[in-house]
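give the three-dimensional model of this entry:
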Amino acid sequence: MISFGNPANRMSPGPLAGCRDSRWRRDRGIGDRCVALFALVAVLAPFPLHAGEAGIDVPMRRDVRATVRDRVDAEPVGVLPATEMLLGEIGILRRELGVDDFPARAEPQGNRQLIHVYVKSMEVMSKVVAAQRRLGVAESSVPDMPVDEVSSEDVLRAVQDALDGVRGIKTQMVIETEAEARASSGPLTLAAAYTNLADASVLLDGLRGRATTPSDVHRNLGAVIEDMSLIAARLQVTLDMDPPVVDGAKESVDVAQQALRAVYKIVLLQGRLGMDASAVPTLTMVRVTPAEAYDLTGVLRAELARIKWHLGINVPSTEGAPTTQSSNATDVFARMLLVVRNLEQLTAGAAT
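Predicted structure coming up:
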C-alpha cells in the first residue's frame, strides 16, 4: 500500500475541506488500482523472453515466413485434384452399381509426406484391382514399394493409375456419367490428398465386396517384418521371429494401440539414425476397426521405406505372403507386439 502521508497533518477543516477529502480519496483509489494493474502485469510477464525461448514462431523477415510444415506438406501440382477426381468417379460407380453402405470417413492427418501418399495410393490401387476382379474387368497392376525416394511425379502417377482403373470399370460397365472437377475448399497439402485417398479406400470396400479384415492387417505386417529384417541385417542386429503368446482375446482397438506404439518406436529409431523423424499420426480410439489398424501398418511401411533409403538398402519388399487361414484380432495383436519388440532392438542396435 502506498502511503499518502499522515491524515492528521492535513489542513484543518474549512469550506473546501470536503472537496479536498473527496479528491484525496478519489486519487488514492486511482493509485491503488494502478498498483494492482502493475502487479498483475508483473505476474503475467515477469521477464522479457526471446521468441524462441517462449516457443513462438515469429517471422522476423518477409523472406522467412515459410515454416518447416509448409515445406513438407506442400502439395505437388496435380496430386490433390487427382484425388478429388478419384473420389468423384468412385461415387458415380457406387451409385450406378447400387452400393449404398455408409462407411465412416477417415480421420484427417497432418504432416504427410510423399511416401505416405504413395503407400496410401498402393492401398487404394489394390482395392481397385479387387473390384475389377469381382466385376470381371481386366485387372490393373498394383505398384511396388519404391526402392528409392519417391518424387512428385511418382505420386501423381500412382494416383492417376488408380483413377484410370476406376474409369476402366466404368467403361466396361458402359457408365457414361463423368465426374466433375471440384475445387478443394481447404489448403493444398499432402495431408489433404492423403485424407482423400483414405476416404477412397473405404468407399472402394463396397465395390470389392468386403471391408478390411484382421487378415489384411496380418498380411501387411508380414511386409513390415520383412523390411525390418533388411534393416536389421544392415545394422547387424538379431531380431525375434516368433510372436509372443497373448493371454485373452483382443479387439481392433488393442491392435490399433500397439500399432500407434510401434509408430512412436519407429520415429525414435529415425532420430537415432540421424534422420529427420516423421510426425506421429493422430488417432482417436473411438469405434476402431481393422481399417484404422491397416492404415497404421501402411504408415509403418512408409517410415521403414524412409529408413531403407537412408541406409542405402535398395531391396524391394513384397506385399506380405498371403495367409492360408484367416487371422483374428488376437493373432494380429501378437504380431504387432513382435513388431514393437523388434523396433526396440533395432533402436538399441542403432545407438551402439
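
now do the host helix or strand of Glu123: distance to the chain's middle.
Using DSSP states H and E, Glu123 sits in helix 114-135. Relative to its parent chain, helix 114-135 has a centroid offset of 19 Å by Cα atoms, centre = their mean, to the nearest Å.

distance from the helix or strand that that helix is followed by to the middle of the chain?
Once the chain leaves helix 114-135, the next helix or strand it forms, by DSSP H and E, is helix 152-172. Chain-centre distance of helix 152-172: 23 Å, with Cα atoms, centre = their mean.

tilt between helix 152-172 and helix 114-135?
Relative orientation of helix 152-172 versus helix 114-135 (axes from the mean of the first three to the mean of the last three Cα atoms, to 10 degrees): 20 degrees.

and for helix 152-172, what's in contact with it?
Residues from elsewhere that reach helix 152-172 (Cβ atoms under 8 Å, 6 or more residues apart in numbering): 76-79, 82-83, 85-86, 89-90, 92-93, 96, 114, 117-118, 121-122, 124-125, 128-129, 131-132, 135-138, 140, 143, 146, 193, 197, 200, 207. Backbone N, C-alpha and C define where each C-beta goes, glycine included.

next secondary structure after the lowest-mean-pLDDT helix or strand in the chain?
Within the chain, confidence by mean pLDDT, DSSP states H and E is lowest for helix 68-73 among all helices and strands, at a mean of 40. Counting by DSSP H and E, the next helix or strand C-terminal to helix 68-73 is helix 79-96.

where does the stretch 101-250 of the chain have low pLDDT?
184 (pLDDT under 70).

can you do 80?
Across the stretch 101-250 of the chain, the ranges flagged by pLDDT under 80 are 181-187.

which among the contacts of helix 152-172 count as buried?
The neighbour count (16 or more other Cβ atoms under 10 Å) marks 76, 79, 82-83, 85-86, 89-90, 92-93, 114, 117-118, 121-122, 124-125, 128-129, 131-132, 137, 140, 143, 146, 193, 197, 200, 207 as buried among the contacts of helix 152-172.

what separation is there between the residue lying closest to Ser326 once chain neighbours are set aside and Glu178?
Distances taken as Cβ to Cβ, 6 or more residues apart in numbering place Ser215 nearest to Ser326, at 5.0 Å, with adjacent residues excluded. Ser215 sits 36 Å away from Glu178, going by Cβ to Cβ, to the nearest Å.

same drill for the two, tell me which one is more crowded.
Set Ser215 next to Glu178 and count neighbours by other Cβ atoms under 10 Å: Ser215 wins out with 17 against 12.

all the helices of the chain, residue numbers only.
17-44, 68-73, 79-96, 114-135, 152-172, 190-208, 214-235, 252-272, 290-311, 329-351 (DSSP state H).

distance to Thr282 for these - can I get that in CSV?
What follows is the helices of the chain, written out as CSV (distance: least, Cβ to Cβ, whole Å):
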stretch, distance to Thr282
helix 17-44, 31
helix 68-73, 14
helix 79-96, 20
helix 114-135, 13
helix 152-172, 22
helix 190-208, 11
helix 214-235, 19
helix 252-272, 9
helix 290-311, 11
helix 329-351, 19
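
what about those, which gets the closest to Val246?
helix 329-351 (4.7 Å; Cβ to Cβ).

which ones are touching the spatially closest residue to Pro103 that is not a sequence neighbour?
Leaving aside its chain neighbours, Pro103 sits nearest to Val202 (4.1 Å; criterion: Cβ to Cβ, 6+ apart). Taking Cβ under 8 Å, 6+ apart as the criterion, Val202 is in contact with 103-106, 211, 291.

what does Val332 give?
Val332 makes contact with 214, 217-218, 221, 250, 255, 290, 293, according to Cβ under 8 Å, 6+ apart.
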